[in-house]
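Trainee: got a sequence here, can you model it:
(2 chains)
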Amino acid sequence: MKATSSTFRQNSREALLDDDLQQALSKMGFLGARKRVVDALPEWEELRTTAREIKEHTLAHLDFYLEEFEKNVRANGGHVHWCSTPEDASATVLSILKEAGARKVIKGKSMAGEEVGINEALEAAAIDRLETDLGEYIIQLADEPPSHIIAPAIHKTKAQITELFHDHHQVHGKTERVTEVASIVNEAREVLRDGFLAADAGITGGNFLVAETGSVALVTNEGNGDLTSTLPRVHIVTAGIEKVVPTLDDLSVYLRLLARSATGQEMSVYTTLTTGPRRAVDLDGAAEFHVVLIDNGRSQWLGNEFHEMLRCIRCGACLNHCPVWNSVGGHAYGWVYSGPMGSVLTPLMIGLEEAGQLPNACTMNGRCQSVCPMSIPLPSLMRRLRFRQHDQGLSGLGTRIALAVWGFMATQPRCYRLVTRVGIGLLGLLSGTRGRFRRLLFAEAWTEERDFPAPAGETFMGAWKKAARGRK
Amino acid sequence: MSDPHSESMSPPKAPRVGLFVTCLVDLFRPNVGFSAVELLERAGCVVEVPELQTCCGQPAYNSGDFATTQRIAKQVIDAFEGYDYVVGPSGSCLGTLREHYPNLFPIDARMENRARALAQRSYELVSFLTDVMGVTEVETQYSGRVTYHDACAGLRELGVKGQPRQLLASVAGLELQEMDDVEVCCGFGGTFCVKFPEISSRMASDKVANAQATGADTLLAGDMGCLMNMAGRLSRLGSDIKVYHVAEVLAGRTDEAPPIADGEIR
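Mentor: Now for the predicted structure:
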């Protein structure tokens, strides 16, 4: 996916003025739903602690668990492909499809797949692609990237979806506009049903990879994951290497956290475990089962200052609770992953030069960290990216100079006292009795939509010293 | 987060408190500093103001300049050595001292120990009064309908939530009204407010709209950054809501200075 992260600020300006987007964002109900189910679960904090411990143990032995996973997938008759780079992953998927003679592909939602550009690769190879996740289907019709890792079309209003369906479904014989949610979903099901049956291959993501059994766990609300993985003769899973968990018991901890954190459901409607291709005794299932493991830099974070990011289970709670994300939506971030987790992952995966604005577009308010089921210290990770930016000289020259001057002054208290006494005195004079500035030199960014409160005219340290002299 | 049980040794009879003024209070609103001194003295503390302080270092820290942050932190650690407590009217500054200073010296064990020792003695003002000094009420009065904003660092790093409300409830004539989304960030975020001013203004607008919806005539918080941001937006909107630092109301010093971004004492 072509990134537009380098124009985040401009993207966000447009997003703030996009009435349809703002209307769609105002309708998101994930926060209230999550709070209800979390408050209703007395062992929530214990689950979080356990989940973190299991994941840290797994990461400490990631090679072992990935090899266990591979061993068990292969024992069941499946294949595992190890892909270091996005190019490897795309090429691998294409070669699996080519070997199988697959020309029509149906897809479940896979953020890892987006990350490595599967859709672009399929298009380049002239392979037919049909998205089966309702949100992904909607954005496929709109030719847009996903704007949320759980709800890809969350940026669309119901009216926009009605129009999209009306425009694109005429060819399927649908002439009436559908305006109610239930009818929209129903029409999508009808249209997609033929696609399901005609596909040669199904590509899904994997929410978790279970090492003990060689299983892939998939959660969906529509059941499209099941249909995508069992109907076609080839099933391909694209997943990041950090998705592996040791056992089925461990999986249950994550399943209890995931849906609650993502959408405020106790469980998603469908939870499917796929363990290899169909066996002779099975009534259905794909004939071929492939897991494409994606590294794309993840192994480099093991044990470094971004290690905690590997705990992410892609629930989207941080996006939902981020006031910045809620103001501008996901597209402003310019790539696959948005919000707090996206502000860490995007620079790590596509570089700080391209995505450097993202970790800076954060107020460090900490709400993301407080709702993260995996206790990831997201603000600290963003700050560590800022340390890297500073060390690499990537912050603007003006910023570096201002920071250097201020930094010098702040460590010279006597000089600081003098300069601030003069400066504050001057500002106080300039503001007269108004108490505020409508405009202030060098403060245009502030004063565009806010007045700047004027200082009292005397510093505390100055007044304190005077008062102390008075007391003597 | 300050743990009352860790203060099982009750504080010394008249604890020596080093006031951490904070740069924004020092430069923009000394009345908050004097309010802090008054509250601490009334609670039985001996207050001193170390001269060699300027800032906690957050601007450098959050801008990615680790080296400058270390230099400023060292200055703070030196200046506040020897006090029983380090207390200041800001959740974000004292949160920096308490939660972040211990992480600033990864290869200097001696400095790390000193940073940890400072961190353990550092408190945000209002929570210090209630959690350490055992203050349960203040004897001041303020006529007005007040709404209180939970500044993020104070709330999430230091657990400041009930304490300001507890003390405000004891102010005669004061009616406290909670706003919707009270724990949502106001959009200040340090340099964020000037790096991403459009998003910041949107967040400020949402926050002040929630404040106005309570019918309050007064908006309070425990952090100058938030207060200047919210007051600036309210002023631009022509609102006559009065904005003060919570310490000013608790100390009964709202007649000493005009509300923030206002020209006249009200």
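
Trainee: can you pull out the helices in the stretch 201-350 of chain A?
Mentor: Assigned helices in the stretch 201-350 of chain A, in chain order: A:224-230, A:248-262, A:298-301, A:317-321, A:323-328, A:339-350 (criterion: DSSP state H, counting those that start in this stretch).

Trainee: phi, psi for the residue of the stretch 101-250 of chain B found nearest chain A please.
Mentor: Residue nearest to chain A within the stretch 101-250 of chain B: B:Gly189 (2.6 Å; Cβ to the nearest Cβ). (C-beta placed from N, C-alpha, C; glycine too.) Main-chain torsions, B:Gly189, degrees, to the nearest 10: phi 60, psi 30.

Trainee: same question for A:Lys104.
Mentor: Dihedral pair for A:Lys104: phi -120, psi 120, per degrees, to the nearest 10.

Trainee: any idea how far the nearest residue to it once chain neighbours are set aside lies from A:Lys98?
Mentor: Spatial nearest neighbour of A:Lys104, excluding adjacent residues (Cβ to Cβ, 6 or more residues apart in numbering or on different chains): A:Asp128 at 4.4 Å. As for A:Asp128, its distance to A:Lys98 is 14 Å (criterion: Cβ to Cβ, to the nearest Å).

Trainee: same check, this time on B:Thr136
Mentor: Relative to A:Lys98, and taking Cβ to Cβ, B:Thr136 is found at 75 Å.

Trainee: over to A:Phe442?
Mentor: A:Phe442 is 60 Å from A:Lys98, by Cβ to Cβ.

Trainee: apart from its neighbours in sequence, what residue is nearest the closest residue to chain B within chain A?
Mentor: Closest residue of chain A to chain B, Cβ to the nearest Cβ: A:Thr363 (2.6 Å). The spatially closest residue to A:Thr363, leaving aside those adjacent along the chain, is B:Gly189, at 2.6 Å (Cβ to Cβ, 6+ apart).

Trainee: burial count for that neighbour?
Mentor: A count of neighbours around B:Gly189, defined by other Cβ atoms under 10 Å in any protein chain shown, yields 28.

Trainee: is it true that it touches A:Asn365?
Mentor: Yes. B:Gly189 is in contact with A:Asn365 according to Cβ atoms under 8 Å; the separation is 7.0 Å.

Trainee: list the contacts of the closest residue to A:Cys322 other than its chain neighbours.
Mentor: Distance criterion Cβ to Cβ, 6+ apart; nearest residue to A:Cys322, sequence neighbours excluded, is A:Gly339 at 4.8 Å. Listed by Cβ atoms under 8 Å, 6 or more residues apart in numbering or on different chains, the contact set of A:Gly339 reads A:316, A:318-319, A:322, A:324-325, A:330, A:333, A:368.

Trainee: in a markdown table, list those residues along with pLDDT and distance to A:Thr179.
Mentor: A markdown table is the format used below for the contacts of A:Gly339 (pLDDT from 0 to 100; distance: Cβ to Cβ, whole Å):
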| residue | pLDDT | distance to A:Thr179 |
| --- | --- | --- |
| A:Gly316 | 98 | 27 |
| A:Cys318 | 98 | 33 |
| A:Leu319 | 98 | 28 |
| A:Cys322 | 98 | 31 |
| A:Val324 | 98 | 32 |
| A:Trp325 | 98 | 28 |
| A:Gly330 | 98 | 25 |
| A:Tyr333 | 98 | 31 |
| A:Cys368 | 98 | 35 |
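
Trainee: pLDDT on the helix or strand hosting A:Arg421, on average?
Mentor: Using DSSP states H and E, A:Arg421 sits in helix A:413-431. Mean per-residue pLDDT for helix A:413-431: 93.

Trainee: that one near chain B anywhere?
Mentor: Yes. Residues of helix A:413-431 are located near chain B by Cβ under 8 Å from any Cβ of the partner chain, namely A:413, A:416, A:420, A:424, A:431.

Trainee: what is that helix packed up against?
Mentor: helix A:397-410, helix A:460-471, helix B:23-28 (3 or more Cβ pairs under 8 Å, 6 or more residues apart in numbering or on different chains; DSSP states H and E).

Trainee: ranking the ones you listed by mean neighbour count, which comes first?
Mentor: helix B:23-28 (a mean of 24; mean count of other Cβ atoms under 10 Å in any protein chain shown).

Trainee: run through who's touching that helix.
Mentor: With Cβ under 8 Å, 6+ apart, helix B:23-28 has contacts from A:410, A:420, A:424, A:453, A:455-456, A:459-461, B:32-33, B:36, B:54-56, B:88-90, B:224-225, B:228, B:245.

Trainee: show me those that map onto helices.
Mentor: A:410, A:420, A:424, A:460-461, B:32-33, B:36, B:224-225, B:228 (DSSP state H).

Trainee: and which of these is nearest B:Asn103?
Mentor: B:Asn103 has its nearest neighbour among these in A:Ala410, at 19.3 Å by Cβ to Cβ.

Trainee: do you know how far A:Ile149 is from A:Gly334?
Mentor: 14 Å.

Trainee: please read the previous query as pertaining to A:Cys372.
Mentor: To A:Gly334, A:Cys372 is 22 Å away according to Cβ to Cβ.

Trainee: re the thing from before, which two of the residues of helix A:413-431 next to chain B have the greatest separation?
Mentor: Maximum pairwise distance in the residues of helix A:413-431 next to chain B, criterion Cβ to Cβ, is 25.8 Å, between A:Pro413 and A:Ser431.

Trainee: now do A:Gly303: how many residues are near it, please.
Mentor: A count of nearby residues for A:Gly303, using other Cβ under 10 Å, gives 11.

Trainee: and the strands in the stretch 101-250 of chain A, which stretches?
Mentor: A:104-107, A:128-131, A:201-204, A:208-210, A:215-220, A:234-240, A:244-245 (DSSP state E, counting those that start in this stretch).

Trainee: domain assignment for the chain?
Mentor: No chain in the question, so chain A it is. Chain A breaks down by automatic domain parsing into domains covering A:18-299, A:408-471.

Trainee: correction: the question concerned chain B.
Mentor: B:4-131, B:136-250.

Trainee: ranking the ones you listed by mean pLDDT, which is last?
Mentor: For the domains of chain B, where the average pLDDT is lowest is domain B:4-131, sitting at a mean of 94.

Trainee: tell me which residue lies nearest the centroid of the chain.
Mentor: Picked chain A for this. Centroid-nearest residue in chain A, with Cα atoms, centre = their mean: A:Tyr337, separated by 3.6 Å.

Trainee: my bad, chain B
Mentor: B:Ser90 (1.9 Å).

Trainee: that one against B:Thr22, yeah?
Mentor: Yes. Shown here, B:Ser90 and B:Thr22 form a contact pair, counting by Cβ under 8 Å, at 4.6 Å.

Trainee: name the residues contacting each of these two.
Mentor: With Cβ under 8 Å, 6+ apart, B:Ser90 and B:Thr22 have common neighbours B:Met224.

Trainee: what count of nearby residues applies to the closest residue to A:Leu385 other than its chain neighbours?
Mentor: Nearest residue to A:Leu385, sequence neighbours excluded (Cβ to Cβ, 6+ apart): A:Pro359, at 4.0 Å. By the criterion of other Cβ under 10 Å, A:Pro359 has 27 neighbours.

Trainee: for chain A, give me the ranges with low pLDDT.
Mentor: A:471-472 (pLDDT under 70).

Trainee: get me the contact residues on the stretch 51-200 of chain B for chain A.
Mentor: Proximity of the stretch 51-200 of chain B to chain A, by Cβ under 8 Å from any Cβ, involves residues B:51-55, B:57, B:59-66, B:68, B:71-72, B:75, B:152-153, B:156-157, B:183-185, B:187-200.
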